[in-house]
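J.: I need the structure of the sequence given here:
(3 chains)
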Amino acid sequence: MAVSLAELARQFHGKVKGDPELTINRVASLESAGPGDIAYLSDRKYLAKLAKTAAGAVIVTEADASHFSGPALIVNDPHLCFARVAQFLNPFLKFSPGVHATAVIESGAQVAATAWIGPHSVVEAGAKIGDDAFVGPGCFIGKGAELGARNRLIGHVTIGERCVFGTDCVIYPGAVIGGDGFGFARNGERWQKVPQLGRVVMGNDVEVGANTTIDRGALDDTVIGNGVKLDNLIQIAHNVQIGDNTAIAACVGIAGSTIIGQRCTLGGQSGIVGHLEITDDVHVTAGSLVTSSIREAGVYSSSLKAMPVDKWRRNAAVLHRLEEMSQRLRKIEESLELRSKEHKN
Amino acid sequence: MAVSLAELARQFHGKVKGDPELTINRVASLESAGPGDIAYLSDRKYLAKLAKTAAGAVIVTEADASHFSGPALIVNDPHLCFARVAQFLNPFLKFSPGVHATAVIESGAQVAATAWIGPHSVVEAGAKIGDDAFVGPGCFIGKGAELGARNRLIGHVTIGERCVFGTDCVIYPGAVIGGDGFGFARNGERWQKVPQLGRVVMGNDVEVGANTTIDRGALDDTVIGNGVKLDNLIQIAHNVQIGDNTAIAACVGIAGSTIIGQRCTLGGQSGIVGHLEITDDVHVTAGSLVTSSIREAGVYSSSLKAMPVDKWRRNAAVLHRLEEMSQRLRKIEESLELRSKEHKN
Amino acid sequence: MAVSLAELARQFHGKVKGDPELTINRVASLESAGPGDIAYLSDRKYLAKLAKTAAGAVIVTEADASHFSGPALIVNDPHLCFARVAQFLNPFLKFSPGVHATAVIESGAQVAATAWIGPHSVVEAGAKIGDDAFVGPGCFIGKGAELGARNRLIGHVTIGERCVFGTDCVIYPGAVIGGDGFGFARNGERWQKVPQLGRVVMGNDVEVGANTTIDRGALDDTVIGNGVKLDNLIQIAHNVQIGDNTAIAACVGIAGSTIIGQRCTLGGQSGIVGHLEITDDVHVTAGSLVTSSIREAGVYSSSLKAMPVDKWRRNAAVLHRLEEMSQRLRKIEESLELRSKEHKN
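T.: Residues are numbered from 1 along each chain as shown, chains lettered A, B, ... in the order given. Prediction:
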């Protein structure tokens, strides 16, 4: 696809510096871009790269435009504009609607005339596939599940029975949405399974990464809000609720019945234990563990950073007798009368 | 399915309070239940919800029965009873035995006449599928693998060659049982693969969550005991042994050759390094790392809890010079003669 | 397969002690080996097992040979030799080339005459499958992806469009290579997807474990070097680069654009945040989090080890007021004139 710089400016509310008729074919990074490519400045620390790029044009702020001698698309938010230009130049592939000869559509399933069901996919009885939905190869849509318009299942996706999706979701391979929650009652030494009868209910415009798992609720539903973005290998347990536009990085685990607010971000490998409430606009750093409810917006952390192992082990050894150190410190303070014996820390 | 309260009491050894002929159609939570539903009190902190529920009946202990004015099923363990009632009202779906037209059963595979093999599943030569087993869509059962009676593979499950399952296991989508263990010998700068020749041997009544991986043993087998429950996205490495009725939450990793006892529980995102022995009745909290064998039953932890990031970083900075602090503390004690210079900490 | 001890010695550059005509059928562990089996001593702490093994022969160093009374294959590196002998006795199964009747090969795909495409696999237009490659059941090879010679996809593997593999890679079930990276630009409260236009480019002799995910690059490529070994359930984000012969244990997460050197090892559940550079020969212990670039080879750690929970919680409580303790310590030092008030720590 080719487009003029002027046309991009018109569509994405920017201003052209230089030749408005310059043809843009492709987006690229500052390092790899050539003539015909448009790149962008993601961070001012890369100003030197901006000056040296071979890109045909760049997307920059007014303030940074002088660092590039060629044509530019001037906008307030280059990253957002770049994302839109990239999407414009790389639209989702068009597909011809239909059902592949090897797909299995059970009797009683409803597939929109404008949808595509790929090879070896299975749509069970009672399931509904919405308008313009794309179901890639090897997907499994369980009984009574409902996918809204324009859902895109890339391939090898599993949607459990009765789960309900909004519109415009994108689901990557290996994602399993609607497996049973992990619910058991103790029965002496053994475990008695608690049937998992709820659903997963997803909003619109949700993205679910590869091999991520979202369990169905035990009695009530697991609920994923609009615009939620989930990276790969995430575990969302039964009855979790995630607020609109929250984004979660890879390898995160969220235990059962926890409620997460809107616009939160959870760093990679962080974890949240069960039955908590996390308010809106909470950000958790990578590798941190949240063990109690968070009622104030802000950034939270409990992660430690790796250091050379010898030094780390000596520090960690002290950590394992911190309580004793604390008591020794108090004893010194008492002996120095820096702290009265009655004073409780 | 509909059943009288009296019939539930008879089957699950409870006592009826109120109308024994009340018809129960469904289990539900205290919040969402209506007439015709039976709910239960999971924790006494929800007594206020019990008083207000619109449930037709509830499952409670004798001691709590007075908090609900309607009919009740009185038992010693409401959670366990509820699990059984829920299972009774929601039995596994009946299926007609057979092999779907799109399934591939290699010559030499044995499928019981009462089993079901779903669409696009593959059963390789020498594999055996037991009585009343259910193999959902898109499963892959490798050469010589054996599934006992009443196994249920929901769909998209991979069982590697020669692995052996007991009876009544339930395996969720994306689980991979019997992939190669991660075994390599150093060969200068390169790695020489060590063939993984063992199997995965599973007991009866095991549940394996979505996208969980259990590797085959290197020479001997990886062994999963009876009644073991594994949540989603768990990694069990080669030659691990897990004792009966141990339950493991999501995102846990267990490294090679570790032996875990019976009735243990491992919290989410916890990890156990290789070649350890963990005795029976050990419980590990979420996010903890076990780096040495545990010979006494009990609860073990090494997890830190997230706090506001500024406070956390100041504390963590001190942690990175704990050894130095410890030495300064000793020096003070010596100067105060609280500790003699000869005394070794 | 059966082979004489003499033949093994010839092939793997060892020396025979005892009967060179002894026939070896199988590799086994010291504990489970019987006559006809060859075992090896993996660590000198198992010398007692070596003395008692019923193995027909063992692989040992010259120094340890006297601990076993039977025939032996004497080599410098018994582990490496054992790996090779095991591979020799257990070669990859031969397969007849061809395309299973249920596989879907789109027009324009190229499958080598010596390759095998298994049941229900899909090879999209423009994809190329190299000589002697084995594609097991239920795989999905996207448009324009290229697999080199002798790749082995065990089954249920997803390779995204345009990804390129070298030769001799082994990919386990559930691995997803070439899903979209997790890239979004903020758009007010919402997230605007950044199209992920790069590829995954893999070297030769790479092993990718079950349910591991490797995302395609955003603009440029994600690059996996030659001889890299990845265990199960690993997340490799967009634009990561991994150097030759680096080995990564299960449940590791590597965030976007991080560059990892050659011959590194990352322990299970460790994590590396984004945009870092890790030099060659760096080793990270299990459960550690790397938050800044590492420029010197060595071992790095930030993991804590589990202890009984009561003791742990008392220590952890002190950790949460470490900064305050540090200030109290300084105050004592000042009062004792061990440290001048001007001195900055």
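J.: what sits against A:H156?
T.: A:136-139, A:173-174, B:156, C:138, C:140, C:156, C:158, C:176 (Cβ atoms under 8 Å, 6 or more residues apart in numbering or on different chains). Quick note: C-beta positions are derived from backbone N, CA and C, even for glycine.
J.: find the nearest non-adjacent residue to it, please.
T.: If the residues on either side of it in the chain are set aside, A:H156 comes closest to A:P173, at 4.1 Å by Cβ to Cβ, 6 or more residues apart in numbering or on different chains.
J.: what pLDDT does the one you found get?
T.: You'll see A:P173 listed with a pLDDT of 98.
J.: ditto for A:E323
T.: You'll see A:E323 listed with a pLDDT of 87.
J.: quick check: which element contains it?
T.: Under the criterion of DSSP states H and E, A:E323 resides in helix A:322-335.
J.: neighbours of the residue nearest to A:H156, how many?
T.: By other Cβ atoms under 10 Å in any protein chain shown, 32 other residues sit near A:P173.
J.: pretty sure it contacts A:C139?
T.: No - judged on Cβ atoms under 8 Å, A:P173 makes no contact with A:C139 at a distance of 9.2 Å.
J.: residues that sit against both of the two, list them.
T.: Jointly contacting A:P173 and A:C139 under the rule Cβ under 8 Å, 6+ apart are A:155-157.
J.: Serialize the residues you listed to JSON lines and add fields for pLDDT and secondary structure.
T.: Formatted as JSON lines, the shared contacts of A:P173 and A:C139 follow (pLDDT from 0 to 100; DSSP: H, G, I helix; E, B strand; the rest coil):
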{"residue": "A:G155", "pLDDT": "98", "secondary structure": "coil"}
{"residue": "A:H156", "pLDDT": "98", "secondary structure": "coil"}
{"residue": "A:V157", "pLDDT": "98", "secondary structure": "coil"}
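J.: which of the contacts of A:H156 lies closest to C:A112?
T.: Closest to C:A112 out of these is C:F140 (18.4 Å), distances taken as Cβ to Cβ.
J.: all helices for chain A, in order.
T.: Ranges of helices in chain A, per DSSP state H, are A:5-11, A:47-52, A:78-89, A:309-319, A:322-335.
J.: tell me which residues in the longest one are buried?
T.: Spelled out, it's helix A:322-335. By 16 or more other Cβ atoms under 10 Å in any protein chain shown, the buried positions in helix A:322-335 come out as A:322-323, A:325-326, A:328-330, A:332-333, A:335.
J.: quick revisit: tell me the most buried of the helices of chain A?
T.: helix A:78-89 (a mean of 22; mean count of other Cβ atoms under 10 Å in any protein chain shown).
J.: pLDDT on that helix, on average?
T.: Mean per-residue pLDDT for helix A:78-89: 96.
J.: which secondary structure elements does that helix contact?
T.: The elements that helix A:78-89 packs onto, with contact taken as 3 or more Cβ pairs under 8 Å, 6 or more residues apart in numbering or on different chains; DSSP states H and E, are helix A:5-11, strand A:26-27, strand A:37-40, strand A:57-60, strand C:184-187, strand C:190-193.
J.: any chance of the contacts of A:H156 in a markdown table with distance to B:L80 as columns?
T.: Output for the contacts of A:H156, formatted as a markdown table (distance: Cβ to Cβ, whole Å):
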| residue | distance to B:L80 |
| --- | --- |
| A:G136 | 42 |
| A:P137 | 43 |
| A:G138 | 39 |
| A:C139 | 37 |
| A:P173 | 38 |
| A:G174 | 35 |
| B:H156 | 31 |
| C:G138 | 39 |
| C:F140 | 43 |
| C:H156 | 37 |
| C:T158 | 41 |
| C:V176 | 39 |
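J.: which one of those residues is nearest B:E124?
T.: Looking across these and measuring by Cβ to Cβ, the closest to B:E124 is C:G138, at 12.3 Å.
J.: ok, now how distant is that closest one from chain B?
T.: According to Cβ to the nearest Cβ, to the nearest Å, C:G138 stands 6 Å off from chain B.
J.: now do A:G14
T.: Distance from A:G14 to chain B, by Cβ to the nearest Cβ: 35 Å.
J.: which ones are touching that residue?
T.: A:8, A:59, A:73-75, A:81.
J.: one more: A:V282?
T.: When contacts are taken as Cβ under 8 Å, 6+ apart, A:V282 is in contact with A:260-261, A:264, A:294, A:297-298, A:300.
J.: which of the residues you listed tops the neighbour count?
T.: Neighbour counts for the contacts of A:V282 peak at A:I260, which has 27 neighbours (criterion: other Cβ under 10 Å).
J.: re earlier: between the contacts of A:V282, which sits nearest A:L233?
T.: Checking those one by one against A:L233 (Cβ to Cβ), the nearest turns out to be A:I260, at 17.9 Å.
J.: any idea what the closest residue to A:W312 other than its chain neighbours is bridged to?
T.: Using Cβ to Cβ, 6+ apart and skipping residues adjacent in sequence, the residue nearest A:W312 is C:S301, 4.4 Å away. When bridges are called by DSSP bridges, C:S301 pairs up with A:M307.
J.: roughly how far apart are C:S301 and C:P137?
T.: 41 Å (Cβ to Cβ, to the nearest Å).
J.: next: A:A306.
T.: 41 Å.
J.: more neighbours, those two?
T.: C:P137 (29 against 24).
J.: looking at it, that one is touching C:G118, isn't it?
T.: Yes - using Cβ under 8 Å, C:P137 is in contact with C:G118, at 4.2 Å.
J.: overlap in contacts of these two?
T.: B:122, C:100, C:155.
J.: what residues are up against the first one?
T.: By that I understand B:V122. Listed by Cβ under 8 Å, 6+ apart, the contact set of B:V122 reads B:103-104, B:106, B:139-141, C:118-120, C:137-138, C:155.
J.: ditto for the second one
T.: In this structure, C:H100 makes contact with B:104, C:117-121, C:137, judged by Cβ under 8 Å, 6+ apart.
J.: one more time with 10 Å
T.: When contacts are counted by Cβ atoms under 10 Å, 6 or more residues apart in numbering or on different chains, C:H100 touches B:104, B:122, C:116-121, C:135, C:137.
J.: looking at those, spot the one nearest C:D244.
T.: C:V135 (25.4 Å).
J.: so that closest one bridges to which residues?
T.: Assigned bridge partners for C:V135, using DSSP bridges, are C:I117, C:L153.
J.: filter the buried residues of helix A:322-335 by proximity to chain C?
T.: Contacts with chain C within these, counted by Cβ under 10 Å from any Cβ of the partner chain: A:322-323, A:325-326, A:329-330, A:332-333, A:335.
J.: check contacts around the residue nearest the centre of chain A.
T.: Chain A has A:L230 as the residue nearest its centroid, 2.7 Å off, counting by Cα atoms, centre = their mean. A:L230 is in contact with A:171-172, A:175, A:206-209, A:212, A:214, A:224, A:236, A:242, A:246-250, A:252, A:266, C:182, counting by Cβ under 10 Å, 6+ apart.
J.: on that earlier part again, pull out the buried residues from the contacts of C:H100.
T.: The buried subset of the contacts of C:H100 - by 16+ other Cβ under 10 Å - is B:104, B:122, C:116-121, C:135, C:137.
J.: I'd like the residues you listed laid out as JSON lines, including pLDDT.
T.: Formatted as JSON lines, those follow (pLDDT from 0 to 100):
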{"residue": "B:V104", "pLDDT": "98"}
{"residue": "B:V122", "pLDDT": "98"}
{"residue": "C:W116", "pLDDT": "98"}
{"residue": "C:I117", "pLDDT": "98"}
{"residue": "C:G118", "pLDDT": "98"}
{"residue": "C:P119", "pLDDT": "98"}
{"residue": "C:H120", "pLDDT": "98"}
{"residue": "C:S121", "pLDDT": "98"}
{"residue": "C:V135", "pLDDT": "98"}
{"residue": "C:P137", "pLDDT": "98"}
